[in-house]
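Participant: Here is my input, please return the structure:
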Amino acid sequence: MSLMLFMATNSVAMSLMPIVRKGLEERFSFSASQIGFLTSIFMLTFAIGGIPMGLAAARWGGRTLIAGAAVFALGSILFAFSASYPWFLVARFLQGVGGSSFIPTSNALMAEAIPGRHHARALGFFGTGHGLGVVAALLILPSIEGAGGYRAVSLATAAIAVVVALIATAQKPVRARPRHPEGAPSFRALMRGVGAVATNRSLLLLTLINIGVMAIVVGILAWTPPFLQDHHNSSLAVAAYLTAGIGVAQMIGNVLGAVAMARWGKPRVLLVGVAIMFVATALVPLVPGFVLVIACVVIAGFFTMILFPAIFGSVPDIVARPEQVGSATGFVNLTGVFGTLLAPWLFGVLLDAYGTAPGKPGYLSGYLLLALFPFLGTIAAVLYVAARKGKAAGRAAA
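Facilitator: Next up is the predicted model:
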C-alpha cells in the first residue's frame, strides 16, 4: 500500500499541466505547444530514467525510492518558484527523473519482499495508484489552483512526495539493502544484465503489449473529449466527468486484473485483455449514440489497468536473475514511450489531414490507428503465450 502511493504521486504529476495551464498562459503567455512540451519533457525523462533507476535499485534497493522522491519534490518546489520557461522545463525534468524511480524500484521490492503467492494481489494494489492519482488530481488540485494558483498546486505536489517518502521509510524492506546471496553485483555485471534484458525475446514481446496499452492510456484520454464535443455536442464538464470515470475504472481494473491473473495465469490475462482493448478502441467512432461511445472508452481504459499487474508481474518470471527485475521493468517502461508519444501525435496528424467535422473521416481514421497499437499487442500476446507454454512443456519434460 505504501508503494501504491508512489504510483499515485506519478499520476498526479502526469495530470498536472491541464490543471495549471490557464494560470501559466495568463501569467507568462505560454503557448499551447509550450504547455504541451512541459508534459512531454516529464514523460520523456520518466521513461528514459527507468533503466538507470532499475540498476540503482539492484544495488541500493528501496533507498532509490527515497532519493527519487526527494528529486521529485525538488522539481515540484522549483516549478512553484520558476518565473521563466527554461526553469519550468528544468523543474519538469527533475520531476520526471524522480518519478522514473517509482515503478522499477517498487517492482523489484515486491518481487523480493513479498511471497510469490501474494505477488498478484500486491501488484493489483500497487496499480490502483494510477487511477487514484488521476481522480485525486481532478477532484482536489483544481480547488487548490483556484485558491493559490500554479504555485500552490506545485507545493502541494511536493508535499505529497515528501509524505509518501516518509510513509515508505517506515517500511523495513524499503530501508534495507537488497539481498544478494552471491554478493552485490558489480557495475559490469549489471550492464551485462541490461544487454540480456534488451535481447530477451519474451520481454520484447511484453514490451509490444505494453506499448499498445500506453498508446490507449494517453491517446484515448487526449482525443475522446474533443470527439464527444465535435460529434456528440457534449460539454467540457461531461468530458471532465468522463476522464474521472476512466480513473475509477482503472482503479477497479487493477484489482480485478490481479484476481484474474491469480486465477487464470498472467499469459491468458495478457492475451484476452489486450484483444478486448483493441476491439473496444476500434468501436469508439463506429457505435451510435453518446452512451455507447462512453461505454467503449471506459472499457478500453478499464482493460489498460487490468493488464498492468499482468505485464509487470510477468517481469520476474522471464528474467534470468533477480537483480535484472529493476532494469527489465525500466526497459518495459522506456519502450512504452513509443506509445505515449506516437499515438496521440499521429491521431492529430490524421485529424489535420481528414477533418474533425461530422461526416469527415478524421476521427474514424484516428481511432482505427489508435486500435492498431493494441492489435499489434494482441499478436505479440499470442506469440508470448505460445512461448510460455513451450517453456512450461520443456520444464515438464525435463
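
Participant: Which residue, neighbours along the chain excluded, lies closest to residue 326?
Facilitator: residue 54 (3.2 Å; Cβ to Cβ, 6 or more residues apart in numbering). The way it works is simple: take the backbone N, C-alpha and C, and place the C-beta from them, glycine included.

Participant: got the domain boundaries for this protein?
Facilitator: Annotated domains of the chain cover 1-184, 187-391 [automatic domain parsing].

Participant: Dump the ones you listed to a markdown table, plus mean pLDDT and mean neighbour count.
Facilitator: Shown next, in a markdown table, are the domains of the chain (pLDDT from 0 to 100; neighbours: other Cβ atoms under 10 Å):
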| stretch | mean pLDDT | mean neighbour count |
| --- | --- | --- |
| domain 1-184 | 85 | 20 |
| domain 187-391 | 83 | 20 |
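
Participant: returning to that earlier point: in what element of secondary structure is the residue nearest to residue 326 found?
Facilitator: Assigned by DSSP states H and E, residue 54 falls within helix 50-60.

Participant: Going along the chain, name the helices of the stretch 51-200 of the chain.
Facilitator: Secondary structure of the stretch 51-200 of the chain by DSSP state H, counting those that start in this stretch: the helices cover 63-81, 85-99, 102-113, 119-169, 172-175, 187-198.

Participant: Just the angle for the next helix or strand after the last one relative to helix 119-169, thanks.
Facilitator: Using DSSP H and E, the helix or strand that follows helix 187-198 in sequence is helix 201-232. Orientation check (axes from the mean of the first three to the mean of the last three Cα atoms, to 10 degrees): helix 201-232 against helix 119-169 gives 80 degrees.

Participant: who's in contact with the residue nearest the centre of the chain?
Facilitator: Nearest to the geometric centre of the chain sits residue 214, at 6.7 Å (Cα atoms, centre = their mean). Taking Cβ atoms under 8 Å, 6 or more residues apart in numbering, we find residue 214 in contact with 336, 337, 338, 339, 340, 343.

Participant: Among these, which ones are in helices?
Facilitator: 337, 338, 339, 340, 343 (DSSP state H).

Participant: residue contacts, the closest residue in space to residue 156 that isn't next to it in sequence?
Facilitator: Once flanking residues are discounted, residue 156 sits nearest to residue 144: 5.4 Å by Cβ to Cβ, 6+ apart. Residue 144 is in contact with 152, 153, 156, counting by Cβ under 8 Å, 6+ apart.

Participant: and what of residue 170?
Facilitator: Neighbours of residue 170 in contact, by Cβ under 8 Å, 6+ apart: residue 2.

Participant: Quick check: the gap between it and residue 1.
Facilitator: 12 Å (Cβ to Cβ, to the nearest Å).

Participant: again, but for residue 48
Facilitator: Counting by Cβ to Cβ, the gap from residue 48 to residue 1 is 28 Å.

Participant: go on, residue 139?
Facilitator: 20 Å.

Participant: what would the helices of the stretch 51-200 of the chain look like in a markdown table with distance to residue 389?
Facilitator: Formatted as a markdown table, the helices of the stretch 51-200 of the chain follow (distance: least, Cβ to Cβ, whole Å):
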| stretch | distance to residue 389 |
| --- | --- |
| helix 63-81 | 35 |
| helix 85-99 | 36 |
| helix 102-113 | 23 |
| helix 119-169 | 19 |
| helix 172-175 | 33 |
| helix 187-198 | 22 |
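
Participant: Out of those helices, the one nearest residue 368 is which?
Facilitator: helix 119-169 (25.8 Å; Cβ to Cβ).

Participant: what angle separates the closest one from helix 85-99?
Facilitator: Using the same axes, to 10 degrees: helix 119-169 against helix 85-99 is 120 degrees.

Participant: quick one: contacts for the spatially closest residue to residue 214 that is not a sequence neighbour?
Facilitator: Among residues not flanking residue 214 along the chain, residue 339 sits closest, at 3.6 Å (Cβ to Cβ, 6+ apart). By Cβ under 8 Å, 6+ apart, the contact set of residue 339 is 210, 211, 212, 213, 214, 215, 216, 217, 218, 219, 373.

Participant: doesn't residue 277 make contact with the third one?
Facilitator: Yes. Here residue 212 lies in contact with residue 277, judged by Cβ atoms under 8 Å, at a distance of 7.2 Å.

Participant: joint contacts of these two?
Facilitator: Joint contacts of residue 212 and residue 277 (Cβ under 8 Å, 6+ apart) are 374, 377.

Participant: Surely residue 66 and residue 167 touch.
Facilitator: No. Contact criterion Cβ under 8 Å: residue 66 and residue 167 do not qualify, at 10.9 Å.

Participant: overlap in contacts of these two?
Facilitator: Common neighbours of residue 66 and residue 167 (Cβ under 8 Å, 6+ apart) do not exist.

Participant: Only alpha carbons, please: show stretch 113-122 as PDB.
Facilitator: In PDB, the C-alpha atoms belonging to stretch 113-122 read as follows (Å, rounded to 0.1, in the frame of the first residue of the first chain):
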ATOM      1  CA  ALA A 113      10.000  -8.800  -0.200                       C
ATOM      2  CA  ILE A 114       6.500 -10.300  -0.900                       C
ATOM      3  CA  PRO A 115       5.900 -14.000  -1.200                       C
ATOM      4  CA  GLY A 116       5.100 -15.300  -4.600                       C
ATOM      5  CA  ARG A 117       1.600 -16.300  -3.700                       C
ATOM      6  CA  HIS A 118       0.700 -12.700  -2.800                       C
ATOM      7  CA  HIS A 119       2.600 -11.100  -5.700                       C
ATOM      8  CA  ALA A 120      -0.500 -10.700  -7.900                       C
ATOM      9  CA  ARG A 121      -2.500  -9.100  -5.100                       C
ATOM     10  CA  ALA A 122       0.300  -6.700  -4.300                       C
END
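
Participant: Sounds good, over and out.
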